[in-house]
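S.K.: Here's a sequence, model it:
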Amino acid sequence: MTVTSRGKARFLWAAVSVEFVETIITGFALVPAALYIHWQSTWPLSTWIRLTLASLGFAPVYLVCTWCVPAR
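M.R.: Prediction:
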């Protein structure tokens with residue numbers, strides 16, 4: 001089986017498309033956390049309290065959902 005230039009172009013297009021879409025999705029997913037950290041950095045609190053609040057902003061959603069959704 002030989003690889004044609006058209007096959008290479010299709011593979012390159014697919015790879016670039018996947019990378020671009022994943023970058024956009026990840027960027028949009030990080031916007032709320034980044035905005036929260038920027039907003040809470042303006043609060044007049046000590047550094048360790050700010051770090052604690054920032055780390056709570058990164059708590060995984062699945063941990064929160066396991067407490068909210070009853071087991072079946």
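S.K.: Could you list every helix and strand in contact with the biggest helix by length in the chain?
M.R.: The longest helix of the chain (DSSP state H) is helix 5-40. With contacts defined as 3 or more Cβ pairs under 8 Å, 6 or more residues apart in numbering; DSSP states H and E, the packing partners of helix 5-40 are helix 47-57. Where you see a C-beta, it was placed from the backbone N, CA and C, and this is true even at glycine.
S.K.: Give the buried residues for the helix it packs on.
M.R.: Neighbour counts using 16 or more other Cβ atoms under 10 Å place residue 50 of helix 47-57 among the buried residues.
S.K.: Give the rounded mean pLDDT of that helix.
M.R.: Model confidence over helix 47-57 averages 76 on the pLDDT scale.
S.K.: Outside of that helix itself, list whatever touches it.
M.R.: 33, 36, 37, 40, 41, 43, 45 (Cβ atoms under 8 Å, 6 or more residues apart in numbering).
S.K.: what's the neighbour count on the second one?
M.R.: So the one you mean is residue 36. Number of residues near residue 36 (other Cβ atoms under 10 Å) recorded here: 15.
S.K.: just residue 39 next, same as before
M.R.: When neighbours are counted by other Cβ under 10 Å, residue 39 comes out with 10.
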